[in-house]
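[1] With the sequence up front, the predicted model follows.
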Amino acid sequence: MRLFITHGGLLSTQEAIHRGVPIVGIPVYGDQYYNLARIVSFGIGIRLDYENITTESVTWALNEVLNNQR
């Protein structure tokens with residue numbers, strides 16, 4: 001697995017961190033917004049806005065987490 005696409009729930013976030021893979025998150029409800037804010041602040045993932053998802057934004061996010069060396 002090279003990356004994890006998630007809504008940003010606590011258990012899926014823990015699983016991705018445990019496996020050491022970057023995260024593309026799309027929060028929908030509750031704690032998911034906070035969890036993804038922390039993921040972004042730690043530099044281990046990217047957040048996409050559910051209301052504004054496009055083919056281009058998903059392609060950019062996937063490319064960014066797979067090819068950015070940080």
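    Yep, that arrived. Numbering: from 1, shown residues only.
[2] Model confidence at the residue most central in space within the chain, what's the number?
    The centre of the chain sits closest to Val24, judged by CA atoms, centre = their mean, with a distance of 2.4 Å. Val24 carries a pLDDT value of 96.
[3] does it sit in a helix, a strand or a coil?
    strand (DSSP: H, G, I helix; E, B strand; the rest coil).
[4] who's it bridged to?
    Ile5, Ile46 (DSSP bridges).
[5] Flag every buried residue along the helix ranked longest in the chain.
    Counting by DSSP state H, the longest helix found in the chain is helix 55-67. Applying a neighbour-count criterion of 16 or more other CB atoms under 10 Å, one finds Ala61, Leu62, Val65 buried in helix 55-67. (Glycine included, C-beta is placed from N, CA and C.)
[6] same for it, what does it pack against?
    With contacts taken as 3 or more CB pairs under 8 Å, 6 or more residues apart in numbering; DSSP states H and E, helix 55-67 sits against strand 23-25, strand 45-47.
[7] what would the ones you listed look like in CSV with distance to Thr55?
    As requested, those are arranged in CSV below (distance: least, CB to CB, whole Å):
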stretch, distance to Thr55
strand 23-25, 14
strand 45-47, 16
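[8] looking at these, which is buried most?
    Highest mean neighbour count among these (mean count of other CB atoms under 10 Å): strand 23-25, with a mean of 25.
[9] Mind exporting the C-alpha coordinates of the helix or strand following that strand to PDB?
    Downstream of strand 23-25, the next assigned helix or strand under DSSP states H and E is helix 32-42. Extracted C-alpha coordinates of helix 32-42, given in PDB (Å, rounded to 0.1, in the frame of the first residue of the first chain):
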ATOM      1  CA  GLN A  32     -12.700  13.900  11.000                       C
ATOM      2  CA  TYR A  33     -12.000  17.700  10.500                       C
ATOM      3  CA  TYR A  34      -9.800  17.900  13.600                       C
ATOM      4  CA  ASN A  35      -8.000  14.600  12.800                       C
ATOM      5  CA  LEU A  36      -7.100  15.800   9.300                       C
ATOM      6  CA  ALA A  37      -6.000  19.200  10.500                       C
ATOM      7  CA  ARG A  38      -3.500  17.400  12.700                       C
ATOM      8  CA  ILE A  39      -2.400  15.100   9.800                       C
ATOM      9  CA  VAL A  40      -1.800  18.100   7.600                       C
ATOM     10  CA  SER A  41       0.000  20.000  10.400                       C
ATOM     11  CA  PHE A  42       2.400  17.000  10.900                       C
END
